[in-house]
Every structure is written in C-alpha cells, then in structure tokens.
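Asker: With the sequence up front, the predicted model follows.
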Amino acid sequence: MSGLQGREAIALVARREVTQKLREKSFLISMGVTVTIIVLVAVVPALLGAGGPTTFTLGTTDATSAQIAANAKRAPGFDVELDVRSMSPAEAKQAIDDGSVDAVLSGEALRAKEEPDDQLVGIVQAAAREVRQAQALRRAGVRGAELQAALNPPALKVTTVEPVDPERDRKGAFAFVAVLVLYTQLLTYGYLLASGVVEEKSSRVVEVLLSTIRPKDLLAGKIIGLGLLGFGQLVVMTGVGLLAATLSGALDVTGEVVGAAALALGWFVLGYAFYSGLFACAGALVPRQEELQASMTPLTMLILISFFVSFIVLDDPDGTLAHVTSFIPFSAPITMPPRIALGEAPAYEIVIAFVVTLAGALALIPLAGRIYSGAVLRTGSAIKVRDAWRATKTGAESRA
C-alpha cells in the first residue's frame, strides 16, 4: 500500500478530528453550556447558603413560650438557627395562615399550618423539657450553682479512632460532580467516535481515506484526536470548576483536592483508552446511523452500570463493592475517582487499579483494530463480530 503510514498518518488523522470538531458550532455551544453548568453547580449552592445551618421562624405568645424559645435558640449541638418573634394570639394565627412563621409556640404547645420539620420539633421539645426541669427543681428548693449544674451537666466527649475530615461533605459533593462529568465524557466521546466511523462508512469517505492510510492508522488517529479533544475539554471544565468553587467558598481547594482532580483526568484517559476501540468497532459493524444505538447498547450498559455503582461507592467508599469495582477495568474509571476524592483509596490500590485498567486497554487495542479493519469497508448490512474478525484474516492471507 502506498501513501501515508505510521506516525505521520496518525498525526494527520488526529489533527483532522480535532479541527473538524472545533469548527462545529454545535460542539462549541455544547462546551459553553457544560462549562456554565459546572460554574452554576459550584457557585449557586454557596450563594443560596447550602451547607449552612437551617433557619426556622418561630412565634411566641407568652412568657413560658418565650422562655422555651430562648432556651431553644441557645441550645448547642443543633445545626439550626431560630428567628424568634413575639406576637399576640391573633397575630400568631394570622402568621400561621399566611406562612410567615414555621410554627407558633403558645404555652407548652407547638402549632403549625402543616406538619413541622423534625429538626424544629426536636429542638423545641428539648428546650421545653429543660424549662420544665428547671421549674421542678426550683419547686424542690434547688437554687444557684446547684441548679445550673443540674440543668447543664457536662456533655459526653465524642472521639473517633480515625480523624474526622471537616471537608468531607464538600469533598463528597466534588466527588459526585467528578463522577457525573466522567460518565458524561465517556459516553459523549464514545458516541462521537462511533458516529464518526458510521458517517465515514455510509458516505464512502472511508474508502478514499483507506486508499492512502492503513485501517489501524486511521483508527488510531481518530481515537487520539477525539481523546485529546475530550481531555482538553475536561481540563477546561476542571479548571473553571475549581476556580469557581474557590471564589464562591464552596470548596477549600487544597493540594489534596487538586491532586484528586488531576487523577480524575488521568482516569478519563484510561477509561477512554479502554472504551474507545470498542466504540469504534460498534460504529464499524453497522452501515447506518439508525442502527448505531443497538450496536452501542452493550457498551452503554457497562458505563451506565458503573455510574449507578458509583453512587454506592460514594455512600460507602471503603466497602466491599467499592474495592471490587475499583479493580475491574470497565468500572474502575468511574468508581475509583470518588474514592480518591474522599481520601479512601490507598496509594497501592490506586496503582494496582491503574495497572489493571491499563492492561485491559492494551489487550483490547489490537482486538479492536482487527475488528475495525475487517468491518469498516463492509457495506449493505450490519456485520457480526465473528465475520469482521474472519474478514481481516482472509484479507491478510490474500495479500500474502
């Protein structure tokens, strides 16, 4: 075969894939929308006060209810803020009806328009018990320091074997976003690769390309080009997201967080390397775009299953399922990053998972190349994997 071969051909095809996509308005608009969503996810919760204490408005109508509300407002151990308003019984009824208060405390009764929040009920109940205890102790003749000691016993000291990370909730939110982005990127660029192969096949462009470029070089160029584009897009989204989170105070961007983000980028590269050849084969096996969805279904299901498993991993990053799926090549790119972000993945597990996934990708590359070579020039109807495999072997023998 005459024409371009090797690195020159791969570089030419890769450059063509990148420039072609960057010229498409739909791709640029999609990227702009995605980046905007990332910024909103990082900024809006902080602006709305998400993660801070819950605020309730509580009305009081008499001295007893005012005392209970005052005790509730000072109560430690609750992530709640109370806005206490003194009002007459008539004003209290009107406030409940128009929703300007969450509840009204009258005497020793709590009244609300609908079922009140459990947190509000809990803190008011605790304060009411404290007021009743104080009244009972005073009637029993307990006064002064002795009364205060009885009402305010020392709290239990809480200790943990492992250190508590105050940023764990925010890291969990970061891990969730990382999982969502990785899932979206793998599906998006897998589909772009497969649909590009089908488009070239159905339009007969691939026949022109293969007159000067070997099938394996064409495949490698397409995979590398779209992979670079996806990686670049992910770098932009990560950088913008971390900057927005820093400026809004949504996340304390430490070296640990930056390291987790960098490793997430690495896992995208590994995941894309594992799935890309398979998506290209899915595109090569069918002659038209209408049949692509069915061809891609097994790959889509693998990524979707990994995505759902990642929610369990987020909830229990040190559980059995989290450990097992971290060492399975098709699921590791989505289930390992949240464990890393939450600080639950030891360095040796990261290395082992990386090596296992890389080995899986390297094993699939020659298989995918052979199937792609045997199927990409077959038109008319969908071709089976077995026939594509045999077609490559037959073609090689005939050239020999």
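Answerer: Happy to help now that I have it. Small disclaimer: the values here were computed from a predicted structure and weren't measured.
Asker: Give me the pLDDT value at Met31.
Answerer: Looking at Met31, its pLDDT stands at 85.
Asker: correct me, but it touches Leu234?
Answerer: No. At 10.6 Å, Met31 and Leu234 do not qualify as touching, with contact defined as C-beta atoms under 8 Å. Where C-beta positions appear, they are placed from N, C-alpha and C, glycine not excepted.
Asker: Compare neighbour counts for those two and give me the winner.
Answerer: Leu234 (22 against 17; other C-beta atoms under 10 Å).
Asker: Distance check, the more buried one against Ile224.
Answerer: Distance of Leu234 to Ile224, given as C-beta to C-beta, to the nearest Å: 15 Å.
Asker: now swap in Ile371 and tell me
Answerer: To Ile224, Ile371 is 18 Å away according to C-beta to C-beta.
Asker: So for the two, which residue has more residues nearby?
Answerer: Ranked by neighbour count (other C-beta under 10 Å), Ile371 and Ile224 place Ile371 first, with 26 against 19.
Asker: Am I right that the more buried one is in contact with Asp387?
Answerer: No. Counting by C-beta under 8 Å, Ile371 stays clear of Asp387, with 9.8 Å between them.
Asker: in what helix or strand does Arg378 lie?
Answerer: Taking DSSP states H and E as the definition, one finds Arg378 inside no helix or strand.
Asker: That one and Ala391 touch, don't they?
Answerer: Yes. Judged on C-beta under 8 Å, Arg378 makes contact with Ala391 at a distance of 6.8 Å.
Asker: Mind exporting the C-alpha coordinates of stretch 241-260 to PDB?
Answerer: The C-alpha coordinates for stretch 241-260 follow below in PDB (Å, rounded to 0.1, in the frame of the first residue of the first chain):
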ATOM      1  CA  GLY A 241     -15.000  24.500  38.300                       C
ATOM      2  CA  LEU A 242     -12.200  24.600  40.800                       C
ATOM      3  CA  LEU A 243     -11.700  28.400  40.300                       C
ATOM      4  CA  ALA A 244     -15.500  29.000  40.700                       C
ATOM      5  CA  ALA A 245     -15.600  26.800  43.900                       C
ATOM      6  CA  THR A 246     -12.600  28.700  45.300                       C
ATOM      7  CA  LEU A 247     -14.100  32.100  44.700                       C
ATOM      8  CA  SER A 248     -17.500  31.200  46.000                       C
ATOM      9  CA  GLY A 249     -16.100  29.400  49.100                       C
ATOM     10  CA  ALA A 250     -18.000  26.200  48.100                       C
ATOM     11  CA  LEU A 251     -14.800  24.200  48.500                       C
ATOM     12  CA  ASP A 252     -11.400  24.700  50.100                       C
ATOM     13  CA  VAL A 253      -9.200  23.900  47.100                       C
ATOM     14  CA  THR A 254      -6.100  22.300  48.700                       C
ATOM     15  CA  GLY A 255      -3.300  20.400  47.200                       C
ATOM     16  CA  GLU A 256      -5.200  17.200  48.000                       C
ATOM     17  CA  VAL A 257      -8.200  18.400  46.000                       C
ATOM     18  CA  VAL A 258      -6.100  19.400  43.100                       C
ATOM     19  CA  GLY A 259      -4.300  16.000  43.200                       C
ATOM     20  CA  ALA A 260      -7.700  14.200  43.200                       C
END
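Asker: Let's test this: mean pLDDT of it, rounded?
Answerer: For stretch 241-260, the mean pLDDT works out to 78.
Asker: Okay, buried residues for it please.
Answerer: 241-242, 244-245, 250-251, 253, 257, 260 (16 or more other C-beta atoms under 10 Å).
Asker: Show me those residues that map onto helices.
Answerer: Cross-referencing the buried residues of stretch 241-260 against helices under DSSP state H gives 241-242, 244-245, 257, 260.
Asker: Need the three-state assignment for Phe327.
Answerer: Assigned state for Phe327: coil (three-state reduction, DSSP: H, G, I helix; E, B strand; the rest coil).
Asker: distance of it from Leu321?
Answerer: According to C-beta to C-beta, Phe327 and Leu321 sit 12 Å apart.
Asker: Glu108 now?
Answerer: For Glu108, the distance to Leu321 - C-beta to C-beta - is 49 Å.
Asker: swap in Pro329?
Answerer: Relative to Leu321, Pro329 is positioned 16 Å away (criterion: C-beta to C-beta).
Asker: Looking at the two, which is more packed in?
Answerer: More neighbours surround Pro329 than the other of Pro329 and Leu321, with 20 against 14 (other C-beta under 10 Å).
Asker: For the nearest residue to the more buried one once chain neighbours are set aside, give its distance to Phe330.
Answerer: Spatially, and ignoring its direct neighbours in sequence, Pro329 is nearest to Gly360 (3.2 Å; C-beta to C-beta, 6 or more residues apart in numbering). Separation of Gly360 from Phe330 (C-beta to C-beta): 8 Å.
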